[in-house]
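Visitor: Okay, here's the prediction I keep looking at, along with the sequence it came from:
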Amino acid sequence: MQPDDLLYVLLMSEYSYWKGSPYRWGGNTLNGIDCSSLVQQVFHNTFNITLPRTTEYQVRKGYSINKSDLKVGDLVFFKTGWRTRHVGIYMGNNEFFHASTSRGVMISKLSNPYWKKHYWQSRRVIKE
C-alpha cells in the first residue's frame, strides 16, 4: 500500500462519518458543520494535527503547493466571494471533500466549473 492509498482510506472513513451532514455556519457537529470546522475535525481525528478554526487562519498553515502537485490530504482553498473563503480536503483523482453550503458534506470535482472558477490555492500541512 502506498502512503497516498493509506491517507485515502483514512480520509474516506472520516468522509463516511460526516457524509450528508448539513452545512451550518459556525457548526461543528453531525447536525450541522461548516467547511473549516470539518477540516479542523478531520485533521485532528485522522492525523492528530491541530488546525485553526477558520479558513482565514487555516490558509496560513503548512506551505503552498501548485495545483498540479496536489496529493491526498492537501487542503484546497477557494474564493467564493469578496471576503468569503472555502476549504476542502483533496482526495486524489481531481476530487475533494468539503461542507458545501447548499448540499452539506460531500465530494466534489475540482474540474466542476464553479470550483474551477473559484479555486484560489492549495496547501500541504501533512508532513511527507
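Guide: Looks like it came in fine.
Visitor: Could you give the number of residues near residue 118?
Guide: Look at residue 118: counted by other Cβ atoms under 10 Å, it has 16 neighbours. C-beta coordinates here come from the backbone N, C-alpha and C atoms, glycine included.
Visitor: now swap in the one 4 residues further on and tell me
Guide: Other residues near residue 122 come to 22 when the count uses other Cβ under 10 Å.
Visitor: For residue 84, see how far away residue 33 is.
Guide: Distance of residue 33 to residue 84, given as Cβ to Cβ, to the nearest Å: 17 Å.
Visitor: With residue 13 instead?
Guide: Distance from residue 13 to residue 84, by Cβ to Cβ: 29 Å.
Visitor: Could you give the average pLDDT over stretch 13-31?
Guide: In this model, stretch 13-31 has an average pLDDT of 97.
Visitor: Restricting to C-alpha, output that stretch in PDB.
Guide: Coordinates of each C-alpha in stretch 13-31 appear next as PDB, following Å, rounded to 0.1, in the frame of the first residue of the first chain:
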ATOM      1  CA  SER A  13     -13.500   6.700   6.700                       C
ATOM      2  CA  GLU A  14     -13.900  10.200   8.000                       C
ATOM      3  CA  TYR A  15     -15.900  11.200   4.900                       C
ATOM      4  CA  SER A  16     -18.300   8.200   5.500                       C
ATOM      5  CA  TYR A  17     -18.800   9.500   9.100                       C
ATOM      6  CA  TRP A  18     -19.600  13.100   8.000                       C
ATOM      7  CA  LYS A  19     -21.300  12.400   4.600                       C
ATOM      8  CA  GLY A  20     -24.600  14.200   4.300                       C
ATOM      9  CA  SER A  21     -24.300  16.300   7.400                       C
ATOM     10  CA  PRO A  22     -25.900  19.700   6.600                       C
ATOM     11  CA  TYR A  23     -23.900  22.900   6.300                       C
ATOM     12  CA  ARG A  24     -24.300  25.300   9.200                       C
ATOM     13  CA  TRP A  25     -22.100  28.300   9.500                       C
ATOM     14  CA  GLY A  26     -20.300  28.000  12.800                       C
ATOM     15  CA  GLY A  27     -21.500  24.500  13.300                       C
ATOM     16  CA  ASN A  28     -19.200  21.600  14.400                       C
ATOM     17  CA  THR A  29     -21.400  18.600  14.800                       C
ATOM     18  CA  LEU A  30     -23.200  16.000  12.600                       C
ATOM     19  CA  ASN A  31     -26.300  18.100  12.900                       C
END
